[in-house]
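Undergrad: This is the structure alone, sequence omitted:
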């Protein structure tokens, strides 16, 4: 049998590249399936959601193969796969979806009803998401392939833009989803909580949607500097000035039209509480600054079980949310896993036709599979980069190619 290696979660703070089983056309229960494909992984990304598990902030079991942001080449197809063939280059939505149940037919693929016995919604390499093996590996199996996979129309063109296209599996649609559900449109003022990769993707998405001003808030100065590099305004939440005061300094008014929470449950307070974990801090602050009748998009992750929570209530997902304020201001809240298939084809077109450089916005850095543990460690320290794993060294070296081109000229 062919060999395979993947990034395995061993326990809080520890991941390791190990030999793992080569994928087969079987579901997590071991039943053979005919609707899946096996992919040679071209690129797979480290996600902030992965970090929640690696920090020990979920009930993820040791031995879990990580990775839900996957782009790959089809090397084997099941007998019932009709529209894909060997050699196709495809983007894998992080949602595992059957395409047949009620929610899938409504294109709510983040809450498929059949791929996870424990709850609605499945994902690769993630806790409580159905047991599907993760894709931070050399090879991975994808079920319901005809429904799930987005085939790139031109393989050579796709490889030239692979740094951008690899973002279609999760981070770009997730940021875009947050912006859409927050009501971002031409001329709107937008606040994005969090300058990590998803926050930066949401900020770039807001610009794509025509926002007049995009403000990004964080405590990490390097990440804030990167947000400014592509035209965002920023607020430093380490400062004593309140978020409302800093918003007023930028806009002249103490409110914004649209708010996006790209932080989630590991939130901290502001100013004097910047070093203190306050799980509901972001949600409460967004209700304060969002105009009456405005919307709050919440792509940031919130969990039902958080064994590492400082508050007893938060251990079971109960947060001290000032919901009365949101109710009084008639806010709309939108939560949950992003239905990637609702957006990925359009966002692919935006990339291919040079309407956005999402890899630049999130500051992509290519690393080898063997360097994945180092990437996790650096990401956990808050570096302003989005790590993309290159398992088979198929991603071209842009800097090297540029030097060669300049030398030839």
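TA: Everything's here; your move. Remember, it's a predicted structure, so these values are computed and weren't measured experimentally.

Undergrad: C-alpha only now, for contacts and for neighbours.
TA: Noted.

Undergrad: All the strands of the stretch 301-409 of the chain, residue numbers only.
TA: 332-334, 364-367, 386-389 (DSSP state E, counting those that start in this stretch).

Undergrad: Which of the ones you listed sits closest to residue 128?
TA: Closest to residue 128 of those is strand 332-334 (C-alpha to C-alpha; 21.3 Å).

Undergrad: Pick the most buried one from the strands of the stretch 301-409 of the chain.
TA: strand 386-389 (a mean of 26; mean count of other C-alpha atoms under 10 Å).

Undergrad: Mind checking the pLDDT average for that strand?
TA: For strand 386-389, mean pLDDT rounds to 98.

Undergrad: Where does pLDDT dip in the chain?
TA: Where the chain drops to pLDDT under 70, the residues are 1, 397-409.

Undergrad: Spell out for me which residue occupies the centre of it.
TA: For the chain, residue 171 is the residue whose C-alpha lies nearest the centre (C-alpha atoms, centre = their mean; 3.3 Å).

Undergrad: Hmm, that residue is touching residue 200, no?
TA: No: with contact defined as C-alpha atoms under 8 Å, residue 171 does not count as touching residue 200 (9.4 Å).

Undergrad: OK, contacts around residue 42?
TA: By C-alpha atoms under 8 Å, 6 or more residues apart in numbering, the contact list for residue 42 reads 70, 71, 72, 73, 390, 391, 392, 393, 394, 395.

Undergrad: part of a strand, is it?
TA: Yes: the assignment for residue 42 is a strand, going by DSSP: H, G, I helix; E, B strand; the rest coil.

Undergrad: could you pull out the helices for the stretch 151-300 of the chain?
TA: Along the stretch 151-300 of the chain, the segments classed as helices by DSSP state H, counting those that start in this stretch run 155-160, 162-165, 171-181, 197-208, 221-229, 243-251, 281-289.

Undergrad: how near is residue 169 to residue 142?
TA: 13 Å (C-alpha to C-alpha, to the nearest Å).

Undergrad: These two - which one has more neighbours?
TA: Using other C-alpha atoms under 10 Å, the more surrounded residue of residue 169 and residue 142 is residue 142, with 29 against 26.

Undergrad: show me the residues around residue 304 that make contact.
TA: Under the criterion of C-alpha under 8 Å, 6+ apart, the neighbours of residue 304 are 315, 316, 317.

Undergrad: Just give the nearest non-adjacent residue to the first one, would you?
TA: Just to be clear, that refers to residue 315. Closest residue to residue 315 apart from its sequence neighbours, by C-alpha to C-alpha, 6 or more residues apart in numbering: residue 306 at 4.5 Å.

Undergrad: Surely that neighbour and residue 59 touch.
TA: Yes: here residue 306 reaches residue 59: they are 7.3 Å apart, a contact under C-alpha under 8 Å.

Undergrad: So the two - more neighbours on which side?
TA: Neighbour count, other C-alpha under 10 Å: between residue 306 and residue 59, residue 306 has more, with 24 against 15.

Undergrad: Does residue 113 belong to a helix, a strand or coil?
TA: Three-state assignment for residue 113 (three-state DSSP): coil.

Undergrad: Next up, the contacts around the residue nearest to it when sequence neighbours are not counted.
TA: Excluding the flanking residues, the one nearest residue 113 by C-alpha to C-alpha, 6+ apart is residue 120, at 5.0 Å. Each residue near residue 120 by C-alpha under 8 Å, 6+ apart is listed here: 110, 111, 112, 113, 114.

Undergrad: re the thing from before, got phi/psi on the residue nearest to residue 315?
TA: Per-residue torsions, residue 306: phi -130, psi 90 (degrees, to the nearest 10).

Undergrad: One more: residue 89?
TA: Dihedral angles for residue 89 - degrees, to the nearest 10 - are phi -100, psi 130.

Undergrad: how many neighbours does it have?
TA: Neighbour tally, residue 89, other C-alpha under 10 Å: 27.

Undergrad: ok, residue 340 to residue 299 distance?
TA: Shown here: residue 340 relative to residue 299, a distance of 12 Å by C-alpha to C-alpha.

Undergrad: rewinding a little: can I get the strands of the stretch 301-409 of the chain in JSON lines including distance to residue 88?
TA: What follows is the strands of the stretch 301-409 of the chain, written out as JSON lines (distance: least, C-alpha to C-alpha, whole Å):
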{"stretch": "strand 332-334", "distance to residue 88": "35"}
{"stretch": "strand 364-367", "distance to residue 88": "22"}
{"stretch": "strand 386-389", "distance to residue 88": "20"}
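
Undergrad: Could you work out which of those reaches nearest to residue 238?
TA: Nearest to residue 238 among the strands of the stretch 301-409 of the chain is strand 386-389; the distance by C-alpha to C-alpha comes to 23.1 Å.

Undergrad: For residue 302, which non-adjacent residue is spatially closest?
TA: Leaving aside its sequence neighbours, residue 302 sits nearest to residue 265 (C-alpha to C-alpha, 6+ apart; 5.1 Å).

Undergrad: what's the answer for residue 17, then?
TA: Spatial nearest neighbour of residue 17, excluding adjacent residues (C-alpha to C-alpha, 6+ apart): residue 7 at 4.5 Å.

Undergrad: ok, now which ones touch the one you found?
TA: 15, 16, 17, 18, 65, 66, 67, 136, 137, 369, 372, 373.

Undergrad: Quick check: phi and psi at it.
TA: phi -90, psi 120.

Undergrad: related to what we said a few turns ago, return the member of the contacts of residue 42 nearest to residue 240.
TA: Ranked by distance to residue 240 (C-alpha to C-alpha), the contacts of residue 42 are led by residue 70 at 40.9 Å.

Undergrad: Count the neighbours of that closest one for me.
TA: 32.

Undergrad: same deal with residue 251?
TA: For residue 251, the tally of surrounding residues (other C-alpha under 10 Å) stands at 13.

Undergrad: Same check on the one 4 residues further on?
TA: By the measure other C-alpha under 10 Å, the count of residues near residue 255 is 23.

Undergrad: Can you give me the separation between it and residue 190?
TA: Per C-alpha to C-alpha, residue 255 is found 9 Å from residue 190.

Undergrad: What are the boundaries of the strands in the stretch 51-200 of the chain?
TA: Under DSSP E, counting those that start in this stretch, the stretch 51-200 of the chain gives strands at 64-65, 69-77, 89-92, 95-96, 122-123, 139-142, 150-151, 189-193.
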